[in-house]
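Asker: Take a look and give me a structure for this.
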Amino acid sequence: MTHNPFNFQGIKFLPVDIDAALEVVGRRIPDERGDYFCFANIHVVMESHKDPELRSILNNSAGNFPDGMGVALALKFLGSRFEDRVRGADFMLRLCAYAAGNNLRVFFYGNTAQTLEALEDKLRSMFPNIQMAGAVSPPFRPLTREEDEAYVKQINDSGADILFVSLGAPKQEKWMAEHKGRIRPVQLGVGAAFSFITGKVREAPKWMQKTALEWLFRLPQQPKKTFVRMLLVPEFIFRTLLQLLRR
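Answerer: Reported below is the predicted structural model:
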């Protein structure tokens, strides 16, 4: 089934629910071209207005999914027809289940070595048949050319079909775009999903996620980060209303 993208604030979103998103990503896995998918929230959308490179990267992805409730509600407000947002952590678990049932190998790139170890243990307990191709916790600094080439070789030699990238936005989006065509597995920039799945960062209750109150739950855990991102909301709303008026 073909899904037509919806242009929202200059970014092409796929207005699909999590089941359709799984179908879209699944079709790309056999290609082995390093195609990448992004999960965009208000922060990513607003960063794209300041960073033309990021906007280009998003629009050259294999697909952008509405990750945050703010983006999902704005898309619905503008008339986009889709069932729900596609949250990175939820989608990662669905794709891991799909991989376990279809003999596909998964690889993890990003975050800390401690989180990656906990992540592998957690996923094995959830999906006993899952095949772990490997994991890399790169240093928190720009990589040397030699280091980058070594990681690319490690990922390709592992036989991975799916690569989950957790470097934070917009770093992970830029990393995936740079490595498209250089690595074989399909890439998914899942942000804080590793930390959510392992419990390193507690998730908001489902009712708070569905009512756009997730920020309130995160505020005590990550006060500075949450406060800074909430400052983006007024401009985000203004740009959404402006798009409505222009239409």
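Asker: got a list of what the residue most central in space within the chain touches?
Answerer: With distances taken as CA atoms, centre = their mean, the residue of the chain nearest its centroid is Val190 (3.0 Å). Residues near Val190 by CB atoms under 8 Å, 6 or more residues apart in numbering: Phe39, Gly88, Ala89, Phe91, Met92, Phe164, Val165, Ser166. C-beta: built from backbone N, CA, C; applies to glycine.
Asker: Now, of those, which are buried?
Answerer: Buried subset of those (neighbour count, 16 or more other CB atoms under 10 Å): Phe39, Gly88, Ala89, Phe91, Met92, Phe164, Val165, Ser166.
Asker: For the second one, grab phi and psi.
Answerer: Recorded main-chain torsions at Gly88 are phi -50, psi -50, according to degrees, to the nearest 10.
Asker: Show the pLDDT at it.
Answerer: Each residue has a pLDDT score; the one for Gly88 is 94.
Asker: Helix, strand, or coil at Gly134?
Answerer: strand (DSSP: H, G, I helix; E, B strand; the rest coil).
Asker: Can you tell me the number of residues neighbouring the closest residue to it other than its chain neighbours?
Answerer: Nearest non-adjacent residue to Gly134, counting by CB to CB, 6 or more residues apart in numbering: Ser158, 4.5 Å away. Look at Ser158: counted by other CB atoms under 10 Å, it has 19 neighbours.
Asker: One more: Arg145?
Answerer: Arg145 has 7 nearby residues by other CB under 10 Å.
Asker: so the residue nearest to Gly134 makes contact with Ala133?
Answerer: Yes: the criterion here is CB atoms under 8 Å, and Ser158 meets it with Ala133 at 3.9 Å.
Asker: Touching both of the two, which residues are there?
Answerer: Arg105, Phe107.
Asker: returning to what we had before: quick one: which of the buried ones among the contacts of Val190 is nearest Met126?
Answerer: Met92 (11.1 Å; CB to CB).
Asker: From the chain's centroid, how far away is the host helix or strand of that closest one?
Answerer: Taking DSSP states H and E as the criterion, Met92 maps to helix 88-101. On the basis of CA atoms, centre = their mean, to the nearest Å, helix 88-101 sits 12 Å off its chain's mean C-alpha point.
Asker: buried residues in it?
Answerer: 88-100.
Asker: Check stretch 51-61 too.
Answerer: Those would be Leu54, Arg55, Ile57, Leu58, Ser61, for stretch 51-61 by 16+ other CB under 10 Å.
Asker: Now render those residues as TSV, adding secondary structure and pLDDT.
Answerer: Shown next, in TSV, are those (DSSP: H, G, I helix; E, B strand; the rest coil; pLDDT from 0 to 100):
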residue	secondary structure	pLDDT
Leu54	helix	98
Arg55	helix	97
Ile57	helix	98
Leu58	helix	98
Ser61	coil	98
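Asker: mind putting those in TSV, distance to Asn7 included?
Answerer: Listed next are these as TSV, based on distance: CB to CB, whole Å:
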residue	distance to Asn7
Leu54	16
Arg55	12
Ile57	16
Leu58	11
Ser61	14
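Asker: Pull the contacting residues for the nearest residue to Lys200 once chain neighbours are set aside.
Answerer: Nearest residue to Lys200 in three dimensions, chain neighbours excluded: Thr115, at 5.9 Å (CB to CB, 6+ apart). Applying CB under 8 Å, 6+ apart to Thr115 gives the contacts Ser137, Phe194, Ser195, Thr198, Lys200.
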